[in-house]
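K.L.:
Prediction below, plus the sequence it came from.
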Amino acid sequence: MDPMNEKEPLFSPKNVRLLKQPLVKDNPITVQVLGICSALAVTVKLEPSVVISLAVIVVMGFSNVMMSIIRNITPPRIRILVMLTIIAFMVVMVDQVLKAYMYDVSRQLSVFVGLIITNCIIMGRLEAFAIANKPWPSFLDGVGNAFGYGWILVVVGFFRELLGSGTIWDINVIETPWWNLYELGYQNNGLMILPPAALIVVGVIIWVHRSKHKELLEDN
Amino acid sequence: MAKSYSNAYIFRFALIMVIIVATTLSVAFAFLKPLQDANRRIEKIMNLLQAANIPVDKDNADSLYLSHLIAEAMVDPATGEYVSIFRADGTFELGEERAFDVDMRKLVYAQRLYREGRSEDNPALPLFMIRGTEGDTLFIIPLFGRGLWGPVWGNIAVGADRNTIKGATFDHQGETPGLGAEINQRFFMDTFIGKRLFDQEGEFQSVKVVKGGVSTLPEERRIHAVDAISGGTITSDGVSEMLFDGLKSYVPFLQKAI
């Protein structure tokens, strides 16, 4: 098969695989264990988890495309610096646009937007994929990985907010007009609010994940 | 990938890339700045009105502010006298400085220099006089301080007795979600309502954010304290410090007979 074939459809099986693979089978967090640092920081509540995931999708999709476009003229010796510049550029742009058009969201995210720069998944995908592939597959790879990262974040954020604060998306589900579990002696788990809880939740997800996908198990 | 590049090419590549990135960012920033400034202005107005317990949203902020504003004033920290009064109709009754234009970060820095004896200049203090929903006059004092990860700020609305807190708003740049970040939640801000800044003897006490809860304090201290947010100790301490340092400068003004 000629890889330069122009008639390859946008969503060919190969491209769809790029998008789907990182969701479960090759998930950046649970399989590659990348991007853990930000997963700890932003997942205390559901809302910041969702918004940061969206921001990562945008940054990752577009920085992959940019890297891919200039991949043939980039000197390999300074490629890491080039990647950093691209990521930082994208993140600052996203931050500025949010501040101008979605002020409430940007207030929500505050410093976490800046933290995207340090997200190792983005750099990892630029180095592992975008630098050697065409823009469209690179875009799909970036978006796919960002989704893979994002849905784990949302799951972790959901459980941490539910168990730690007793709310979901800032709506109290423990104490409602209809029932009040606090009166029955229920208490929020303070540990869930602290960063280590994210490790525990991620650990549980990895456990469930591996028991469903035996091929991921290491030999020892 | 085996292709080799000369040093000159690498330098040229890096230079061009940096110029392109810098130019694009500058243009984007210049283009977006007016929108961002407008957002910040609206946010500031909303915080002021919310401290006065006036329900407000993004769209009616400007008009509500004009209709509720009695005056923006600047206060001399030494004497408590007004040095500048700006009326809602856009005229200066006194002086020529608007409280709204005060950069709180710079003000707090100037105050610190003065306190440490490194500057002779004790800056005038911004004060907003706003008519509450019940027609009462509220003095709104803007505050600025340090949290755990970055700045925290807020507004304290003091009633006509210049002692009782009628409302408060706080906000932060990047405190920990679920912990320190909760200072901008209604449940925390509302605990300030009814607290007093001065004790029976007229001594300035400020309001402290107390770890472990107000109930651990002796009876007579409880009117000067609110419960801290569990897990948000450093942010809570930052708020306490901001309240004390910020409000202390206003003591001469607050102690003036009405």
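P.N.:
Thanks, I have it.

K.L.:
A strand includes A:Arg210, no?
P.N.:
No. Going by DSSP: H, G, I helix; E, B strand; the rest coil, the assignment for A:Arg210 is helix, not a strand.

K.L.:
in the stretch 51-200 of chain B, which spans are strands?
P.N.:
Counting by DSSP state E, counting those that start in this stretch, the stretch 51-200 of chain B has strands at residues B:69-75, B:82-87, B:92-94, B:125-131, B:137-146, B:151-158, B:165-172.

K.L.:
Ok, chain A next?
P.N.:
Ranges of strands in chain A, per DSSP state E, are A:167-168, A:171-172.

K.L.:
Please tabulate those in TSV, including the columns distance to chain B and mean pLDDT.
P.N.:
Any C-beta I mention is one placed from the backbone N, CA and C, and that applies to glycine too. Output for the strands of chain A, formatted as TSV (distance: least, C-beta to the nearest C-beta, whole Å; pLDDT from 0 to 100):
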stretch	distance to chain B	mean pLDDT
strand A:167-168	9	88
strand A:171-172	11	87
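
K.L.:
Start and end of stretch B:169-176, how far apart?
P.N.:
Terminal residues of stretch B:169-176 lie 18 Å apart, using C-alpha to C-alpha, to the nearest Å.

K.L.:
What of stretch A:124-143?
P.N.:
13 Å.

K.L.:
can you check stretch B:160-179 too?
P.N.:
End-to-end span of stretch B:160-179 (C-alpha to C-alpha): 33 Å.

K.L.:
low-confidence ranges in the chain?
P.N.:
All of this refers to chain A. Under the criterion pLDDT under 70, the flagged ranges of chain A are A:1-7, A:110, A:219-220.

K.L.:
Wait, chain B was what I had in mind.
P.N.:
Across chain B, the ranges flagged by pLDDT under 70 are B:1-3, B:257-258.

K.L.:
Now with 50, please.
P.N.:
Applying pLDDT under 50 to chain B flags residues B:1.

K.L.:
Who are the contact partners of B:Gly212?
P.N.:
B:Gly212 sits next to B:Ala228 when contact means C-beta atoms under 8 Å, 6 or more residues apart in numbering or on different chains.

K.L.:
Let me know the distance separating it from chain A.
P.N.:
The gap separating B:Gly212 from chain A is 14 Å, by C-beta to the nearest C-beta, to the nearest Å.

K.L.:
Please enumerate the helices of the chain.
P.N.:
You didn't say which chain, so I picked chain A. Secondary structure of chain A, counting by DSSP state H: helices at A:13-20, A:36-42, A:46-69, A:79-101, A:103-109, A:111-115, A:120-128, A:135-165, A:195-212.

K.L.:
other chain: chain B
P.N.:
Going by DSSP H, chain B shows helices at B:7-51, B:61-68, B:104-115, B:186-189, B:233-248, B:251-254.

K.L.:
What parts of chain B come near chain A?
P.N.:
B:1, B:5, B:9-10, B:13-14, B:17-18, B:21, B:24-25, B:28-29, B:32, B:35-36, B:39, B:43, B:149-150, B:171-174, B:176-179, B:230-231 (C-beta under 8 Å from any C-beta of the partner chain).

K.L.:
now do 7 Å
P.N.:
B:1, B:5, B:9-10, B:13-14, B:17, B:21, B:25, B:28-29, B:32, B:35-36, B:39, B:149-150, B:173-174, B:177-179, B:230-231 (C-beta under 7 Å from any C-beta of the partner chain).
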